[in-house]
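Enquirer: sequence first, predicted coordinates after that:
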Amino acid sequence: MSSRLLAGVLATGAAAGIAAGVVISNRGFPWPVTEWIFVVVALLLPALGWLLATRRPELRYGWLLLTCALFLGLGLTGAGLKVVGGAPVWLVFPLASISAVFYGLNWIFVPLLFPEGRLPSPRWRVFAWISGIAIALHTAGVALSGDVASRPQLVLESPLALFAALSAAVGQFTTWIMAAIGFCGLVLRWRRSARVERRQYAWMVGGVAVSLSGGIAQLAFYAGLPTLALLGTVAMTGALPAAIGVTVARHRLLDIGIGIRGSRLHLIFDLRPTVDEVLSDLGTALRDAPEPAEQLDRVAAAVRTALEARWAAVTLADGTRVVAGREEGQATLTVPVHGGLGRIECGPRGVGTLTRVDQRLLEALAVPAGLAIQNAGLVTRLVNAQEAERRRIERNIHDGVQQQLVALIAGLELARSTGASPDLLAHLREQARQTLNDLRELAAGIHPSALSQGGLVEAVEERCSRLPVRTTVASDPGLRAKRFADEVEGAMYFTVNEAVANALKHASAATIEVHLSHTGGRLRATVADDGKGFDPGAIDRRGLATLSDRLDALGGGLDLDSSPGKGTRMNAWVPVDG
């Protein structure tokens, strides 16, 4: 069940219970004006609980208010049934006793857990447990007292009657004591809070004071002055939700603001978006921003907007920094991005201070931020790799084939002007053949024809057949006939090519073994040599770094297993279908 649906069910149930209790007590309609006032005031609690629970479902406070409202509705329904009579005893008194739960929650836990639904500190756990036990004793005592009264054969001296009386008295007395202690603790929190939060706590202090005074008036005037008792009931029921409502409307409690906008009278809920809404909007923004730098800017802007901060920044591990807003002062919150890719920093809020909710929101935003940072770094490395490869091809053409063609043209001019001898023509023919071979080698470095025509296994075999050391190529049965996407075959071929080149150039290997396989939805290539090996953490992986990025872009990966004197084993893989 979604949070909105559950909040709606609880609020509707509470409102129905409140209305049912008044209808039953008055035996239908019409109601006196005082009853209408009471119903309107009582409905503030479920309405406010619904608002907080739907807009901040991750916080417990809205759900606490809804629970409190539900117990109020059930208790009023039981009280109404008790007044009119005729209902089963097993239903009436348990329902009527639930009012004790409402009193306890309203006077103790609603102020105690203000404003986020958490205890002020772990030291209040004992207080909460004692209060919960007192509420339970009071409720059980009231329910059992009604059961004793319904059975005349049970006299006051009976164990059940004695337990019921003691339980109700001890529970009610303890509830009042704990309510007084909780009120004193609320006053201390109000005095120690920051300037913006102090206004919120001030309204809560006033609401608790009025509610407790209303409860005292209800008990004091219940028998002799029913009008004053009713006023006490209204104050006791509506003071706290009214105080919380004022903090929402005037002081943006839990970042929820209510105002009136436009030429017509209607309410506008100016709310800070929830975590789900922020992540959804950020996902759309990242999808619409193809450039990596723009993605980082979108992340920083989303953090600043969601937390209503003066500035927010995304910093990469290489020192690159993107800031949204005007950076002034030190960062108030800092969250590292998974994998050591960077961090997200947030400056102070424009109004108020950052809370634990803001911390959790920033941690949630670190996930898409990490993906954006990783994407930015990967794209940058691929661009650099492409540029380096372009320069390598340009250099090879300039220093190799181009110089050979210049020499060949000069030889042809000499032969034309002097009359070519057979030896000169043979030399020029050999020079032209060598130039053609060099062009083919250069083209093979870009994309070998064997790879396009015969597939991965054939291209790897053709490459390894020309190596100056003993090299074996093995592949799974049937892999030779399989073809994969061009980008997959190209990535695996050049990875193997770079690995064997490193084995020859850097490892001084005498034997190289290559194995190609296709298992578990992955195309794998393993290159092992008996060279001198190295420490992978101590030196650069040279050309394999860019190839690793290429495999990462395809969803694959590359691992190196090596140590000095024990050779090197490279394992590369990419996911493939089939």
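Expert: Received it, and whenever you're ready, just let me know what you need. Residues are numbered from 1 along each chain as shown.
Enquirer: show me this protein divided up by domain.
Expert: What automatic domain parsing lists as the domains of the chain is 1-78, 88-192, 201-269, 271-373, 383-444, 453-575.
Enquirer: next, format those domains as TSV and append mean pLDDT and mean neighbour count.
Expert: Where you see a C-beta, it was placed from the backbone N, CA and C, and this is true even at glycine. Output for the domains of the chain, formatted as TSV (pLDDT from 0 to 100; neighbours: other Cβ atoms under 10 Å):
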stretch	mean pLDDT	mean neighbour count
domain 1-78	87	19
domain 88-192	84	17
domain 201-269	78	17
domain 271-373	75	18
domain 383-444	65	13
domain 453-575	84	17
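Enquirer: so who does Glu513 touch?
Expert: Listed by Cβ atoms under 8 Å, 6 or more residues apart in numbering, the contact set of Glu513 reads 471-472, 474, 526-529.
Enquirer: phi, psi of it?
Expert: phi -120, psi 130 (degrees, to the nearest 10).
Enquirer: okay, the contacts of Glu513 in TSV with distance to Ser167 and secondary structure next?
Expert: Below are the contacts of Glu513 laid out as TSV (distance: Cβ to Cβ, whole Å; DSSP: H, G, I helix; E, B strand; the rest coil):
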residue	distance to Ser167	secondary structure
Thr471	88	strand
Thr472	86	strand
Ala474	82	strand
Thr526	75	strand
Val527	79	strand
Ala528	78	strand
Asp529	82	strand
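Enquirer: who are the contact partners of Val170?
Expert: 134, 137, 141.
Enquirer: try it again with 7 Å
Expert: Contacts were defined as Cβ atoms under 7 Å, 6 or more residues apart in numbering; by that measure Val170 touches Leu137.
Enquirer: same deal with Ala491?
Expert: With contacts defined as Cβ under 7 Å, 6+ apart, the neighbours of Ala491 are 550-551, 554, 574.
Enquirer: among these, which are in strands?
Expert: Counting by DSSP state E, the part of the contacts of Ala491 found in strands is Val574.
Enquirer: which of the contacts of Ala491 lies closest to Val210?
Expert: Closest approach between the contacts of Ala491 and Val210, by Cβ to Cβ: Leu554, at 66.6 Å.
Enquirer: and that closest one, its phi and psi?
Expert: Dihedral angles (degrees, to the nearest 10) for Leu554: phi -90, psi 0.
Enquirer: how about Arg480?
Expert: phi -60, psi -30.
Enquirer: and the residue nearest to it when sequence neighbours are not counted, what helix or strand is that in?
Expert: In space, and not counting its chain neighbours, Arg480 is closest to Val457: 4.4 Å by Cβ to Cβ, 6 or more residues apart in numbering. Assigned by DSSP states H and E, Val457 belongs to helix 456-464.
Enquirer: repeat for Thr334
Expert: Using DSSP H and E, the element containing Thr334 is strand 333-337.
Enquirer: distance across stretch 323-342, terminal residue to terminal residue?
Expert: With Cα to Cα, to the nearest Å applied, stretch 323-342 spans 14 Å between its terminal residues.
Enquirer: what sits up against it?
Expert: With contacts defined as Cβ under 7 Å, 6+ apart, stretch 323-342 is touched by 297, 300-301, 304, 310-317, 343-348, 354, 358-359, 362-363, 366, 369-370, 373-374.
Enquirer: restrict the host helix or strand of Ala14 to CA atoms and write it as PDB.
Expert: Assigned by DSSP H and E, Ala14 belongs to helix 3-25. The C-alpha trace of helix 3-25 is given here as PDB (Å, rounded to 0.1, in the frame of the first residue of the first chain):
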ATOM      1  CA  SER A   3       2.100   6.000   1.600                       C
ATOM      2  CA  ARG A   4      -0.600   8.300   0.200                       C
ATOM      3  CA  LEU A   5      -3.200   5.600   0.200                       C
ATOM      4  CA  LEU A   6      -2.400   4.600   3.700                       C
ATOM      5  CA  ALA A   7      -2.400   8.200   4.900                       C
ATOM      6  CA  GLY A   8      -5.800   8.700   3.300                       C
ATOM      7  CA  VAL A   9      -7.300   5.500   4.900                       C
ATOM      8  CA  LEU A  10      -6.100   6.600   8.300                       C
ATOM      9  CA  ALA A  11      -7.300  10.100   8.000                       C
ATOM     10  CA  THR A  12     -10.700   9.000   6.700                       C
ATOM     11  CA  GLY A  13     -11.100   6.500   9.500                       C
ATOM     12  CA  ALA A  14     -10.200   9.100  12.100                       C
ATOM     13  CA  ALA A  15     -12.600  11.600  10.600                       C
ATOM     14  CA  ALA A  16     -15.400   9.000  10.400                       C
ATOM     15  CA  GLY A  17     -14.800   8.000  14.000                       C
ATOM     16  CA  ILE A  18     -15.000  11.600  15.200                       C
ATOM     17  CA  ALA A  19     -18.200  12.300  13.300                       C
ATOM     18  CA  ALA A  20     -19.700   9.000  14.400                       C
ATOM     19  CA  GLY A  21     -19.100   9.700  18.000                       C
ATOM     20  CA  VAL A  22     -20.800  13.100  17.800                       C
ATOM     21  CA  VAL A  23     -23.700  11.600  15.800                       C
ATOM     22  CA  ILE A  24     -24.300   8.800  18.300                       C
ATOM     23  CA  SER A  25     -24.000  11.000  21.300                       C
END
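Enquirer: which one of the contacts of Glu513 sits closest to Ile24?
Expert: For the contacts of Glu513, the nearest to Ile24 is Thr526 (79.9 Å; Cβ to Cβ).
Enquirer: distance of that closest one from Leu456?
Expert: 14 Å (Cβ to Cβ, to the nearest Å).
Enquirer: thanks a lot, see you next time.
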